[in-house]
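1. Sequence and computational prediction follow.
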Amino acid sequence: MSEKDRYIALCITEESIPLFGRPWWLDVVCGASKWDVLLVEDGNNILAAMPLYKPLSNVISMPCYTQTMGPWINPRFEPKAYGKQITHRQECLKKFVSRLDGYSSFLQNFHSGITDWLPFYWGGYNQTTRYSYVLEGINNQEILWDNLSQNIQRNIRSARDKKGIICKKGIPVDDFLKVNAQSFGRQGLAVKGDEQLLKRLIECCRLRNQGELWGAYDSTGQLHAAIFVVWQKSSAYYLAGGEDPALRSSGAGSLLMWEAICSVSRFTDRFDFEGSMLEGVEHYFRKFGTIQTPYFTITRGKMCLLHRAWLKLGKFVTKQHDERDDNRKI
């Protein structure tokens, strides 16, 4: 049995493996033949795993619609003592580093659970710190509401009570794609990634009950804003969204985000906004009472055209949340 097969078997029973490292997710966003995995094993036990997206044989990169990947350390085999735990993690990471030497170009966003990248530093890799914004304890909606800024609370009340905006779950995919494209079109940008890929991902998440679309409509049936949220037991993630440029002043985005967070609290107690490095967007996400959570982008090798394109697409993603008035954000 190959490492990939052993990893797939492990994912059936291991809940702690992040959503973006799940085989079904990787099959959709990478293609079943374009991803692989490295394992650290001790006999029949898998101590750690590192899924890899390989668009070219000697290139490791990040697939579209995937916030983070990186190493996963099996919590079942971690020592309890902190010092021993650090040693164990570093030993696992060193084994990954030794097996990545043959790749000419490497780029991965490590998930926030990886707080020690020293073995990669020692191996000649570079690191950039990025930030996500996370809500913990979303099951307690009273506290969640109290932690919202007054501006966000006011926007939610205005959209719901004064402008009659209604949020609906399970909206048509084509409606979502239309408003998603409008957000990019307003800025003269192409839609991020492949529309057919996004459709497949939405369909797959819906079939697994691990993702859904929400839309905010007015009394005439106009769609003001839409978002795509995915989840597993450990966290939900705001993956994509958009709004009608002509209706941005309604405050529907804040109401829609609030309603989606409340809805996914049935499945998880954590919501990840997936962050932004833009000042205005970062400020907006913080107004939901979020916790700033760092994660690492790890790179090595000459930046190939593929990586340059990936970084460019990453900028497109954040630009759909361009710096605008808080009551017009999504």
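-> Right, received. Where do you want to start?
2. mind listing the helices for the protein?
-> Under the criterion DSSP state H, helices of the chain are mapped to 3-13, 23-29, 82-99, 118-122, 141-146, 150-157, 173-186, 195-207, 252-264, 279-286, 305-319.
3. got the buried residues for the third one?
-> Buried residues in helix 82-99, defined by neighbour count with 16 or more other Cβ atoms under 10 Å: 88, 89, 92, 93, 94, 95, 96, 97. C-beta: built from backbone N, CA, C; applies to glycine.
4. go on, the fourth one?
-> By neighbour count, and taking 16+ other Cβ under 10 Å as the criterion, the buried residues in helix 118-122 are 119, 120.
5. which residues are contacting it?
-> For helix 118-122, contacts defined as Cβ atoms under 8 Å, 6 or more residues apart in numbering pick out 90, 93, 94, 96, 97, 127, 298, 300.
6. Dump these to JSON lines, plus pLDDT.
-> Listed next are those as JSON lines, based on pLDDT from 0 to 100:
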{"residue": "90", "pLDDT": "98"}
{"residue": "93", "pLDDT": "98"}
{"residue": "94", "pLDDT": "98"}
{"residue": "96", "pLDDT": "98"}
{"residue": "97", "pLDDT": "98"}
{"residue": "127", "pLDDT": "97"}
{"residue": "298", "pLDDT": "98"}
{"residue": "300", "pLDDT": "96"}
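7. can you tell me which of the buried residues of helix 82-99 lies nearest to residue 46?
-> When those are compared for distance to residue 46 (Cβ to Cβ), residue 92 comes out closest, at 10.5 Å.
8. so who does the closest residue to the closest one other than its chain neighbours touch?
-> Closest residue to residue 92 in three dimensions, ignoring its sequence neighbours and counting by Cβ to Cβ, 6 or more residues apart in numbering: residue 48, at 4.0 Å. Taking Cβ under 8 Å, 6+ apart as the criterion, residue 48 is in contact with 39, 40, 71, 72, 73, 74, 92, 93, 95, 96.
9. which stretches of the stretch 201-330 of the chain aren't confidently modelled?
-> For the stretch 201-330 of the chain, the stretches with pLDDT under 70 are 280, 303-330.
10. Next, count neighbours for residue 57.
-> 8 (other Cβ atoms under 10 Å).
11. wait, residue 136
-> For residue 136, using other Cβ under 10 Å, the count is 15.
12. Next one: it from residue 227, what distance?
-> 20 Å (Cβ to Cβ, to the nearest Å).
13. Same check on residue 282?
-> Distance of residue 282 to residue 227, given as Cβ to Cβ: 18 Å.
14. of the two, who's got more company?
-> Using other Cβ under 10 Å as the criterion, residue 282 and residue 227 rank with residue 227 on top: 26 against 19.
15. Generate a markdown table for the contacts of helix 118-122, with distance to residue 222 as supplementary columns.
-> Shown next, in a markdown table, are the contacts of helix 118-122 (distance: Cβ to Cβ, whole Å):
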| residue | distance to residue 222 |
| --- | --- |
| 90 | 55 |
| 93 | 51 |
| 94 | 56 |
| 96 | 50 |
| 97 | 53 |
| 127 | 45 |
| 298 | 44 |
| 300 | 48 |
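16. Now do the contacts for residue 131.
-> 275, 277, 282, 292, 293, 294, 295.
17. which of the residues you listed lies closest to residue 199?
-> Among the contacts of residue 131, residue 275 lies closest to residue 199 (Cβ to Cβ), at 24.8 Å.
18. List the neighbours of stretch 203-221 that are in contact with it.
-> 19, 24-25, 28, 159, 163-171, 173, 175-176, 179, 201-202, 223-232, 239, 247, 250, 252-253, 255-256, 259-260, 263.
19. This completes my enquiry, with thanks.
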